[in-house]
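**Q** Prediction below, plus the sequence it came from.
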Amino acid sequence: GAVVSQHPSRVICKSGTSVKIECRSLDFQATTMFWYRQFPKQSLMLMATSNEGSKATYEQGVEKDKFLINHASLTLSTLTVTSAHPEDSSFYICSASGGTQETQYFGPGTRLLVL
Amino acid sequence: GNSVTQMEGPVTLSEEAFLTINCTYTATGYPSLFWYVQYPGEGLQLLLKATKADDKGSNKGFEATYRKETTSFHLEKGSVQVSDSAVYFCALRRDSGNTPLVFGKGTRLSVIA
């Protein structure tokens, strides 16, 4: 199947710093990418939907100024957690779909720990 | 709104036991239904899917049937292996591939030898 990568896989940062997470579709053009957040022993919660070349659509309760999403190309979307705080510590997962593909392919996730 | 409810875990089974993980959904219209699996330290992988009522998805010995009358999509496997130990997520999607998935909370399965 198609491959989606995320980088970094794990990051530890100090409170107040910003962290950028990259999501890449390696062998297909992803017209749409989704960003999810997963708390321990919880389900994946959709944060935002990102279409290439347009502004992301955020879910209710997700601060767009805190979680900046950029989808500048058909193979790359980035999520920047600005001024991170300990409560932002979580597992962030992206998925991508595109073209005629009905299936969404998931990245391996990025574990963020804010101290 | 759309939602997915799946049985709470963890589930612990002996090797070769029969597995059932219940999943029910609430949605308007006719969603597509999925089971994803997350192995330790890895991302979610699509296990199987069904796109319309009475469809049966199957893969790696797992199967699930889309039951519209009971709004269910229970996951079954006749004989589990240690390598099946993972977290299993039931999910639905209302429209095309470019719409987000709605996930259940996940069920952790541990299979012991």
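**A** Received it, and whenever you're ready, just let me know what you need.
**Q** contacts, neighbours, all on C-alpha from now
**A** Noted.
**Q** Around chain A, pick out the residues from chain B.
**A** B:41-46, B:89, B:96-98, B:100, B:102-106 (Cα under 8 Å from any Cα of the partner chain).
**Q** Give me the contact list for the helix or strand hosting A:W35.
**A** Assessed by DSSP states H and E, A:W35 sits inside strand A:32-38. By Cα atoms under 8 Å, 6 or more residues apart in numbering or on different chains, the residues outside strand A:32-38 that reach it are A:44-52, A:77, A:79, A:90-98, B:98, B:100.
**Q** Which of the residues you listed fall in strands?
**A** Of the positions in the contacts of strand A:32-38, A:44-51, A:77, A:79, A:90-97 sit in strands, assigned by DSSP state E.
**Q** what lines up beside the strand holding A:W35 in the sheet?
**A** strand A:44-51 (antiparallel), strand A:90-97 (antiparallel) (DSSP bridges).
**Q** winner for burial among those?
**A** strand A:90-97 (a mean of 26; mean count of other Cα atoms under 10 Å in any protein chain shown).
**Q** Nearest residue to the middle of chain A?
**A** Centrality entry for chain A: nearest residue to the mean C-alpha point is A:W35, 3.8 Å, by Cα atoms, centre = their mean.
**Q** Bridged to that one, which residues?
**A** Applying DSSP bridges, one finds that A:W35 bridges with A:A48, A:C94.
**Q** pLDDT weak spots in chain B?
**A** Low-confidence segments of chain B, defined by pLDDT under 70: B:96-97.
**Q** Can you tell me which residue is spatially central in it?
**A** B:W35 (3.2 Å).
**Q** Helix or strand: which one has it?
**A** strand B:32-38.
**Q** Run the chain-centre distance for that strand.
**A** 5 Å (Cα atoms, centre = their mean, to the nearest Å).
**Q** So what's the residue count around the closest residue to B:E42 other than its chain neighbours?
**A** Spatially, and ignoring its direct neighbours in sequence, B:E42 is nearest to A:P108 (5.3 Å; Cα to Cα, 6 or more residues apart in numbering or on different chains). A:P108 has 25 neighbours, counted by other Cα atoms under 10 Å in any protein chain shown.
**Q** I'd guessed A:P108 sits against A:S5; true?
**A** Yes - between A:P108 and A:S5 there is a contact under Cα atoms under 8 Å: 6.6 Å.
**Q** which of the residues of chain B next to chain A are buried?
**A** The neighbour count (16 or more other Cα atoms under 10 Å in any protein chain shown) marks B:43-46, B:89, B:97-98, B:100, B:102-106 as buried among the residues of chain B next to chain A.
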